[in-house]
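> Need a 3D model of the following:
(chains A and B)
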Amino acid sequence: MLLQQLLNGLTLGAIYALIALGYTLVYGILEFINFAHGEIYMLGAYFAIIALGLLTQWGLNSWTIAPLLVILFSMAFCAAYGATVERLAYQPLRQAPRLSPLISALGVSIFLQNLVMLTQGARDQVFRKELLFSASFLSGGISLPGGQLSNIQLVIIAVSLLLMIGLTLFIKKTRWGRAMRAVAQDPRMAKLCGIDIDSIIRLTFILGSCLAAAAGVLVALYYGLVNFYIGYVAGLKAFIAAVVGGIGSVPGAMLGGMLLGMAESFGAGYLSCEYKDVYAFVILIAVLLIRPQGIMGERGP
Amino acid sequence: MRGRMGQLAWPLWLGILLWPLAGPIWSAGAAGAALVVTLAHRFFIKPMAGRVSFSAMVLWRLKWPKIFWPILACLLLLLPLVLNRYFLDVAITAGIYIALALGLNIIVGLAGLLVLGYIAFYAAGAYSYALLSTHLQMNFFIALPLGAALAVLLGLALGLPTLRLRGDYLAIVTLGFGEIVRLVLNNWDAVTGGPNGIMHIAKPSLAGLGLGRPLHLYYIVLGLSLLTAFLIHRLNSSRLGRALVAMREDESAARACGVDTVRLKLLAFMLSAAVAGGMGVVFAAKMGFVSPESFTFWESIMVLCMVVLGGMASIPGVILGAVALIVLPEAFRQLHHLRMLIFGASMVAMMIFRPQGLWPSQRRKMEMEEG
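Just a heads-up that it's a prediction; the model follows:
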């Protein structure tokens, strides 16, 4: 029981962490809460279903690299959406008072939700994972004393870990990553050093959207059902994860996501399932009162 | 994607973005429509734009004749006598939201603190009247101040620990608070009736006289929202209001001038909460039942949008914003599939093209022109 909750919490936490990274990256650079980020994650889940539909149509769904194609398709489109939203709704508001981009982000969020509802319908959409993986793979897993880690959970945790390692390396080692850190520390100075701030900001949105897309694909794989309103709750929780970990800090977002996933899993398992969504907020308020800068402290990516 | 090429490339980009969601026909249609709009903008609207905006400016700058206000007052008082049930209902809802938006305006517009869980205070008022009325048969007019008082207590409980936090964090904590209140209402079945809510709430009555008809409610709501507008107008030009604005503009400078900012924030918070609590009581009396789904995060956002779209810290602006956001969706009921889509897009457009709101406050306008 204990181990099983731990494993479930880890899976959930990995997904939250992926979304939280998008919040934290954007906040680190623009000091702006991108309320529409949850919708990008929701779009990611829908694109997974659409990509799987296309692959099935072409008869390529049982190809070994089909899952990879699904994730890449979703990432490409989410990145395009993220960059477009940034260009249309946020870039004109760089110099505006703090409330303006926030309201604009809420507008984007309403727009995207309704766009998906209009085009894809309001009913739950099913991600037919049996088309993508063989039945034996889906039912299999690693048996541990006191719990079972299913193959799907393993995939989710492995993919998330890979993406997080990739992101960390990107930020630490590449030219682009260095430019991102510079802009986060001091935008004016970075500009003086010849960094094109607008393209760095766009890059940040693209990276965050790619991670959110991956989270969307993984959640579609995990639960099998997708709806146009899933972005709201998941976005809120991921944002809380980012704040709990210390907003602006990349390892903080990962840690916060894991912590939140665990809290939710253990809370639902041992306390009460009805209050499942409350735990996140209680943790948030507790952290903000005791250590407002978050666990890892506030700093650039 | 810059310059002239960019203008022609973006319809194509739009089509590509829409393609997986909407299918080839719709996305091609949208791209085509976007192309037409772009070309029309390039060759017709842009050359005309200078003249159009000039005439719009003249209209805007016109002084409103003095007779406008008496006519408006007569309309507000007499019109409901001839309106049918549906329009009266929309008018009452608009009135409730006007008061709510004015209440939120104290904290967001005057004090400059972003609060995202405002609807929790509204819920507190609504549920307190629901409980008082169904268990104790309490009269509406006694419950009205009680509901407001309960909301103030809630505001105090939330404000005391959190108001020292910086702006963004305050927004998130209040958001979390709003969600917690809603989830507790949803899950505490023994008291709140869970998702089913509380039914059979009494209509207002005074000295044995039933005041439950929509027409009566209309006048009650009209009176309360006018009272709120009047009080906030007085607050605006008082010492307290000026201190709030000073704090909004520069907290450190205000503190240096001897403004006790924490106490002031708390006061603004409590005033806001009182308005919301009172209107919650009215809402419960109007609907006859309350359930958690009336108090979601989106309600908070709607009220916030009313304040921001109308014009922060401007009383006529906030009223205009509330009326617009209640009446326009009702007017476009036939387009109900598209209306939220348009609503979202127009929120973005407003922020970009008219961030000061539909009817900006005089004080802010003067500051902007000076600065």
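> got the phi/psi numbers for the residue of the stretch 151-300 of chain A found nearest chain B?
The nearest approach of the stretch 151-300 of chain A to chain B comes at residue A:281, 3.7 Å away (C-beta to the nearest C-beta). C-beta coordinates here come from the backbone N, C-alpha and C atoms, glycine included. The phi/psi pair for residue A:281 (degrees, to the nearest 10) reads phi -70, psi -40.
> List the residues that contact residue A:279.
A:263-264, A:267, A:271 (C-beta atoms under 8 Å, 6 or more residues apart in numbering or on different chains).
> Most neighbours of all the residues you listed, which one?
residue A:264 (23 neighbours; other C-beta atoms under 10 Å in any protein chain shown).
> Now for chain B, the helix or strand with the poorest mean pLDDT.
helix B:46-61 (a mean of 57; mean pLDDT, DSSP states H and E).
> Tell me the first helix or strand C-terminal of that one.
Downstream of helix B:46-61, the next assigned helix or strand under DSSP states H and E is helix B:68-82.
> With only the CA atoms kept, save the helix or strand hosting residue A:234 in CSV.
Taking DSSP H and E as the criterion, residue A:234 maps to helix A:230-245. Taking Å, rounded to 0.1, in the frame of the first residue of the first chain, the C-alpha atoms of helix A:230-245 are listed here in CSV:
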residue,chain,number,x,y,z
ILE,A,230,-8.3,19.3,-17.9
GLY,A,231,-5.8,22.2,-18.4
TYR,A,232,-7.3,24.3,-15.7
VAL,A,233,-6.9,22.1,-12.6
ALA,A,234,-3.6,20.6,-13.8
GLY,A,235,-2.3,24.1,-14.7
LEU,A,236,-3.2,25.3,-11.2
LYS,A,237,-1.5,22.4,-9.5
ALA,A,238,1.6,22.7,-11.6
PHE,A,239,1.8,26.3,-10.9
ILE,A,240,1.5,25.6,-7.2
ALA,A,241,4.3,23.1,-7.6
ALA,A,242,6.4,25.7,-9.2
VAL,A,243,5.7,28.1,-6.3
VAL,A,244,6.3,25.5,-3.6
GLY,A,245,9.6,24.6,-5.2
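> Please name every helix or strand in contact with it.
For helix A:230-245, the packing partners by 3 or more C-beta pairs under 8 Å, 6 or more residues apart in numbering or on different chains; DSSP states H and E come out as helix A:2-30, helix A:37-57, helix A:99-120, helix A:197-223, helix A:250-266, helix A:276-290, helix B:167-187.
> Now render those helices as TSV, adding distance to residue B:277 and mean pLDDT.
Listed next are the helices and strands packed on helix A:230-245 as TSV, based on distance: least, C-beta to C-beta, whole Å; pLDDT from 0 to 100:
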stretch	distance to residue B:277	mean pLDDT
helix A:2-30	33	90
helix A:37-57	30	93
helix A:99-120	24	89
helix A:197-223	38	94
helix A:250-266	32	90
helix A:276-290	21	81
helix B:167-187	12	84
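> who wins for proximity to residue B:31 among those?
For residue B:31, the closest of those is helix A:99-120, at 14.6 Å, according to C-beta to C-beta.
> Can you name the element that comes right after that closest one?
strand A:125-126.
> Identify the residues contacting that following strand?
Under the criterion C-beta under 8 Å, 6+ apart, residues A:46, A:49, A:224-227 lie in contact with strand A:125-126.
> Show me just the buried residues among those.
The neighbour count (16 or more other C-beta atoms under 10 Å in any protein chain shown) marks A:46, A:49, A:226-227 as buried among those.
> Pick the one among the residues you listed closest to residue B:292.
residue A:227 (19.5 Å).
> hang on, isn't residue B:202 packed against residue B:137?
Yes: using C-beta atoms under 8 Å, residue B:202 is in contact with residue B:137, at 7.1 Å.
> Among the two, which residue is more densely surrounded?
Set side by side, residue B:202 and residue B:137 give different neighbour counts by other C-beta under 10 Å, the larger being at residue B:202 (20 against 8).
> so who does whichever residue of the stretch 101-250 of chain B sits closest to chain A touch?
Nearest residue of the stretch 101-250 of chain B to chain A: residue B:176, at 3.7 Å (C-beta to the nearest C-beta). Residue B:176 sits next to A:240, A:280-281, A:284-285, B:117 when contact means C-beta under 8 Å, 6+ apart.
> And for residue B:21?
Here residue B:21 is in contact with A:46, A:50, A:115-116, A:119-120, B:27 (criterion: C-beta under 8 Å, 6+ apart).
> Show me just the buried residues among those.
Buried among these (16+ other C-beta under 10 Å): A:46, A:50, A:115-116, A:119-120, B:27.
> how far away is residue B:224 from residue A:172?
According to C-beta to C-beta, to the nearest Å, residue B:224 and residue A:172 sit 59 Å apart.
> more neighbours, the two?
Applying other C-beta under 10 Å to residue B:224 and residue A:172 shows that residue B:224 carries more neighbours, namely 20 against 12.
> Make sure the more buried one is actually in contact with residue B:281.
No: the pair formed by residue B:224 and residue B:281 falls short of the contact definition of C-beta under 8 Å, at 9.7 Å.
> Does stretch B:288-301 reach chain A?
Yes: shown here: stretch B:288-301 in contact with chain A (C-beta under 8 Å from any C-beta of the partner chain) through B:297, B:301.
> and that stretch, how far from the chain's centre?
14 Å (C-alpha atoms, centre = their mean, to the nearest Å).
> Next: stretch B:354-362.
Centroid displacement of stretch B:354-362 relative to its chain, using C-alpha atoms, centre = their mean, is 15 Å.
> can you list contacts of it?
A:93, A:96-97, A:100, B:109, B:308-317, B:320-321, B:324, B:364-365, B:368.
> Any quick ChimeraX command for the buried ones out of those?
A single ChimeraX command selects the buried members of the contacts of stretch B:354-362 (16+ other C-beta under 10 Å):
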select /A:93,96,100 /B:109,308,309,310,311,312,313,314,315,316,317,320,321,324,364
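> Tell me where the model's unsure across the stretch 201-350 of chain B.
For the stretch 201-350 of chain B, applying pLDDT under 70 flags the ranges B:208.
> need the residues of it near chain A, please.
Near chain A, when you scan the stretch 201-350 of chain B using C-beta under 8 Å from any C-beta, you find B:297, B:301, B:304-305, B:308, B:312, B:337-338, B:340-341, B:343-348, B:350.
> Which residues are in contact with the residue nearest to the spatial centre of chain B?
Nearest residue to the geometric centre of chain B (C-alpha atoms, centre = their mean): residue B:303, 2.4 Å. By C-beta under 8 Å, 6+ apart, residue B:303 lies in contact with B:97, B:100-101, B:104, B:118-119.
> Recalculate using a threshold of 10 Å.
By C-beta atoms under 10 Å, 6 or more residues apart in numbering or on different chains, the contact set of residue B:303 is B:97, B:100-105, B:108, B:115, B:118-119, B:122, B:276, B:318, B:321-322, B:325.
> separation between it and residue A:101?
Note on residue B:303: its distance to residue A:101, by C-beta to C-beta, is 19 Å.
> show me where chain B has strands.
Using DSSP state E, the strands found in chain B span residues B:205-206, B:209-210.
> among those strands, which is the most enclosed?
strand B:205-206 (a mean of 14; mean count of other C-beta atoms under 10 Å in any protein chain shown).
> Flag every buried residue along stretch B:27-45.
Within stretch B:27-45, judged by 16+ other C-beta under 10 Å, the buried ones are B:27, B:30-31, B:34-35.
> before we move on, the earlier item: okay if I get the helices and strands packed on helix A:230-245 as TSV plus distance to residue A:151?
Formatted as TSV, the helices and strands packed on helix A:230-245 follow (distance: least, C-beta to C-beta, whole Å):
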stretch	distance to residue A:151
helix A:2-30	12
helix A:37-57	18
helix A:99-120	28
helix A:197-223	11
helix A:250-266	19
helix A:276-290	25
helix B:167-187	34
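> Out of these, the one nearest residue B:75 is which?
helix A:99-120 (31.0 Å).
> Who are the packing partners of that closest one?
The helices and strands touching helix A:99-120, judged by 3 or more C-beta pairs under 10 Å, 6 or more residues apart in numbering or on different chains; DSSP states H and E, are helix A:37-57, helix A:66-85, helix A:230-245, helix B:3-40, helix B:167-187, helix B:297-310, helix B:336-353.
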